[in-house]
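S.K.: quick one: sequence plus predicted model below, questions after.
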Amino acid sequence: MATSKAQRFPDPQGRVDVASGRHRDPRQEERVHRGSGHGRNCGSQLLVTPSNLIIPVAVVALAFLAWVLLRLVRLTLRRDATRATRLATTVGALWGIGLLLVTLGGRPQDGNGTVYFNWAPFASQAVVSEIVVNFLLFMPAGFLLPWIARHAKRQRTIGVALVGAALLSSVIEVVQTFTPLGTAGDVTDILLNTVGCTIAATISSSVHHLLVSQQLTTSSAGRLPVAAGEGSSKPHRTDR
């Protein structure tokens, strides 16, 4: 059985370890702790933790997503729908792999083996960064969906984004709750994921619909002079 800190260090000076009965040099211990990064002044050192990587990773992901969306717009303007769909599908697959790694990467288990699921929205004391990440997590799927299913109507695309995000997020939360891949589930995450994906799909489908409508209008306007000119291009017979 592991001894507590009070049992191991009853001496106020910290010179004798009762568990081992050996004499301890506080200065030597402090030097060892400094070298290992667990000393008294470890708070001044830069510790790399997953929480510290959230913002840099999010910035890189958003920059890459912005580049992809601009590329999709350019391909659509060039009427290269095949390449646009291929790009959106590829990036969507990469997003799916990243989603599984982030959400099902495994977390420390509860010591008592207890599982938790919060059914009350926004009842847990989540930090702001966690709320923002859950809101942005499913947005790439919403942005890419109109180009992946380019023949679907706008209302149907938004509906698929809404239902699909809710189902996928629910499955992830259930897996996190009842498997060793996590220790807790939260209905707040489901709501944030669904709202983020739906908003992104609404914006993206509106842009995609506008681009396609503009192309159709331009094509129709370009064919009108040709059709009108076909009747006037025929030679007229003149009587002499």
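M.R.: All right, it came through fine. Values in this document were obtained by computation on a predicted structure and should not be read as measured data.

S.K.: my read: residue 209 touches residue 152, true?
M.R.: No - between residue 209 and residue 152 there is no contact under C-beta atoms under 8 Å: 10.7 Å. Glycine gets a C-beta too; all of them are placed from N, C-alpha and C.

S.K.: common neighbours of the two, please.
M.R.: Overlap between the neighbourhoods of residue 209 and residue 152 consists of residue 146, taking contacts as C-beta atoms under 8 Å, 6 or more residues apart in numbering.

S.K.: show me where this structure has helices.
M.R.: 5-8, 26-36, 54-77, 81-103, 128-137, 139-148, 154-178, 187-232 (DSSP state H).

S.K.: which helix or strand in this protein has the lowest average pLDDT?
M.R.: helix 5-8 (a mean of 42; mean pLDDT, DSSP states H and E).

S.K.: for residue 102, list the residues it contacts.
M.R.: Per C-beta under 8 Å, 6+ apart, neighbours of residue 102: residue 137.

S.K.: now do residue 25, the pLDDT please.
M.R.: With respect to pLDDT, residue 25 scores 52.

S.K.: just to revisit the earlier point, nearest to residue 122, out of the helices of the chain?
M.R.: helix 187-232 (5.4 Å; C-beta to C-beta).

S.K.: re earlier: now the helices of the chain as TSV including distance to residue 118?
M.R.: Listed next are those as TSV, based on distance: least, C-beta to C-beta, whole Å:
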stretch	distance to residue 118
helix 5-8	33
helix 26-36	37
helix 54-77	21
helix 81-103	16
helix 128-137	13
helix 139-148	23
helix 154-178	10
helix 187-232	6
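
S.K.: just say which of these is most tucked in.
M.R.: With neighbours taken as mean count of other C-beta atoms under 10 Å, the helices of the chain reach their highest mean count in helix 139-148, at a mean of 25.

S.K.: now tell me what touches that helix from outside.
M.R.: 61, 65, 68-69, 72, 76, 84-85, 87-89, 91-92, 95, 152, 154, 157, 160-161, 164-165, 196-205, 207-209.

S.K.: low-confidence ranges in this protein?
M.R.: 1-54, 105-116, 124-126, 182-183, 219-240 (pLDDT under 70).

S.K.: switch the cut-off to 50
M.R.: Low-confidence segments of the chain, defined by pLDDT under 50: 1-21, 29-44, 48-49, 226-233, 240.

S.K.: so what's residue 75 up against?
M.R.: Counted by C-beta under 8 Å, 6+ apart, residue 75 has contacts 81, 83-84, 87.

S.K.: what about stretch 100-120, how long is it end to end?
M.R.: 25 Å (C-alpha to C-alpha, to the nearest Å).

S.K.: next up, the contacts around residue 172.
M.R.: Contacts of residue 172 (C-beta under 8 Å, 6+ apart): 99, 103-104.

S.K.: any idea what sits nearest residue 65, other than its immediate chain neighbours?
M.R.: In space, and not counting its chain neighbours, residue 65 is closest to residue 140: 5.6 Å by C-beta to C-beta, 6 or more residues apart in numbering.

S.K.: how near is the one you found to residue 196?
M.R.: Residue 140 is 10 Å from residue 196, where distance means C-beta to C-beta, to the nearest Å.
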